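Participant: Here's my sequence, what's the structure:
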Amino acid sequence: MNRMFSIGLIASFVLSALAHYTGIASATVQFIISCIAIVFVAGFLGKATESVAHYAGERLGGFLNATFGNAAELIIAIFLVKDGMFDIVKASITGSIIGNLLLVLGLSLFLGGLKYKEQHFNVKLASHNGSLMTLAVIALFVPAAFAKSLTNFETSNLSVLVACILIAAYLLWLYFSMVTHKNELSDEAVEHGEPAWSKKASILFLIIATAMVAFTSEWLVGTLETITHQFGLSELFVGAFLIAIIGNAAEHSAAVMMARKNKIGAAVEIAVGSSLQIALFVAPVLVLVSLLFGKTMNIVFSTFELVAIGVSVIIAKSISQDGTTNWYEGVLLLVVYCILGIAFFLV
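Facilitator: This is a model prediction of the structure:
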């Protein structure tokens, strides 16, 4: 990192912390400062991810970015679950899934495609990702379809069982893709250049950057209630779009950086892998965590949320299944995201 960026990173983070903990600034000012801090922290996390990817490979590097990025969202969601704010949690889960599939992947394909006419990643991986995305839709659709015919107790039991099955399926996918079929699903070697830091330093900075993302995200989310009331935004729109965009800020930056350097395999792993991790692991874990607080969060999503996830999976699967991408495919994903954003805003 250059000196100016380092100064901006530290200064914005410290100012955001002071504004949050001292309360000397209004919610609007805190919101603006936190947004600036997240931009710098996202750049830091993106650089750390790129450096780790040099040593671990694009797939594992992208997986680590998605995992560390989702850790912040998981922590925030656990506190929301503890407070019984299940609707906002489900909206944020929806927003994370569609945000990664449409916004993050769309920006990556678009900006990467402007620099490279075509970009390629593993076709077999694209096929498996498509199947897993379909599994996610099925797992969310079935409980919603049967919920009206079940009692609350039965719905809760169904949600817990589905959550356990999804977690098992996701862990088996990691074993399949990272161990037994690692070579078949890896991308061809791409010239990475010199890494920014040593292997140990890269891992350390990745952890530090993730912690900074968690803090800045929490500070920014804390200002959203005031901002939403001030601008008259609905909870559904806030949960599905604002919180999701903020929570995924680091992943947005890292995926786009990878795509611009022709490392589209890592960009796809960050975007699609993060969506799959949210649907198949984070959401089920939140269902199980809710048991600890005495009130089960079911896995029944609203019609609006199911439609949003369904159309996102359809277009993302259609575009990515051939393992080849270009800038116009990125435009198509962004168009669908804008359509959904307008619809959610008006609801």
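
Participant: Distance from stretch 154-172 to the middle of the chain?
Facilitator: Remark: stretch 154-172 is offset 21 Å from the chain centroid, using Cα atoms, centre = their mean, to the nearest Å.

Participant: could you dump stretch 325-336 to CSV, C-alpha only?
Facilitator: Coordinates of the C-alpha atoms in stretch 325-336 are reproduced here as CSV (Å, rounded to 0.1, in the frame of the first residue of the first chain):
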residue,chain,number,x,y,z
THR,A,325,-17.7,-13.7,-19.6
ASN,A,326,-17.7,-10.3,-21.2
TRP,A,327,-18.7,-6.8,-20.3
TYR,A,328,-22.3,-7.0,-21.7
GLU,A,329,-23.1,-9.9,-19.5
GLY,A,330,-22.1,-7.7,-16.6
VAL,A,331,-24.6,-5.1,-17.8
LEU,A,332,-27.4,-7.7,-17.9
LEU,A,333,-26.8,-8.6,-14.2
LEU,A,334,-26.7,-4.9,-13.2
VAL,A,335,-30.0,-4.3,-15.1
VAL,A,336,-31.8,-7.0,-13.1
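
Participant: That stretch: which residues count as buried?
Facilitator: 325-327, 329-330, 332-334, 336 (16 or more other Cβ atoms under 10 Å). For the C-beta atoms, the positions are set from N, CA and C on the backbone; glycine is no exception.

Participant: Can you pick out the ones from those residues that are in strands?
Facilitator: Thr325 (DSSP state E).

Participant: what two of the buried residues of stretch 325-336 are the furthest from one another?
Facilitator: Asn326 and Val336 (16.5 Å; Cβ to Cβ).

Participant: hmm, back to that, take the buried residues of stretch 325-336 and lay them out in CSV including distance to Asn183 and pLDDT.
Facilitator: Below are the buried residues of stretch 325-336 laid out as CSV (distance: Cβ to Cβ, whole Å; pLDDT from 0 to 100):
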residue, distance to Asn183, pLDDT
Thr325, 22, 90
Asn326, 27, 92
Trp327, 30, 93
Glu329, 27, 94
Gly330, 29, 93
Leu332, 32, 95
Leu333, 29, 94
Leu334, 34, 94
Val336, 34, 95
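
Participant: With respect to Gly310, which of the buried residues of stretch 325-336 is nearest?
Facilitator: If you rank the buried residues of stretch 325-336 by distance to Gly310 using Cβ to Cβ, Val336 comes first, at 11.3 Å.

Participant: Give the closest residue to Glu235 in space, chain neighbours not counted.
Facilitator: Nearest residue to Glu235 in three dimensions, chain neighbours excluded: Ile88, at 6.0 Å (Cβ to Cβ, 6 or more residues apart in numbering).

Participant: got a list of what that neighbour touches?
Facilitator: Counting by Cβ atoms under 8 Å, 6 or more residues apart in numbering, Ile88 makes contact with 80, 235, 238-239, 243.

Participant: run the last query once more with 10 Å
Facilitator: Taking Cβ atoms under 10 Å, 6 or more residues apart in numbering, we find Ile88 in contact with 77, 80-81, 235-236, 238-240, 243.

Participant: measure it to Gly239 for me?
Facilitator: 5 Å (Cβ to Cβ, to the nearest Å).

Participant: anything in contact with each of those two?
Facilitator: Leu80.

Participant: Could you point out the helix or strand that follows the helix or strand of the chain with the lowest mean pLDDT?
Facilitator: Least confident helix or strand, the chain: helix 243-247 with a mean of 69, by mean pLDDT, DSSP states H and E. Using DSSP states H and E, the next helix or strand after helix 243-247 towards the C-terminus is helix 249-260.

Participant: Low-confidence stretches in the stretch 1-150 of the chain?
Facilitator: Along the stretch 1-150 of the chain, the parts satisfying pLDDT under 70 run over 1, 57-59, 62, 65, 69, 72.

Participant: so Val52 sits right up against Met258, yeah?
Facilitator: No: assessed by Cβ atoms under 10 Å, Val52 is found out of contact with Met258, at 11.7 Å.

Participant: ok, the two, which is more surrounded?
Facilitator: More crowded of Val52 and Met258, by other Cβ atoms under 10 Å: Met258, with 29 against 24.

Participant: Correct me if wrong: that one contacts Ile264.
Facilitator: Yes: contact criterion Cβ under 10 Å: Met258 and Ile264 qualify, at 7.2 Å.
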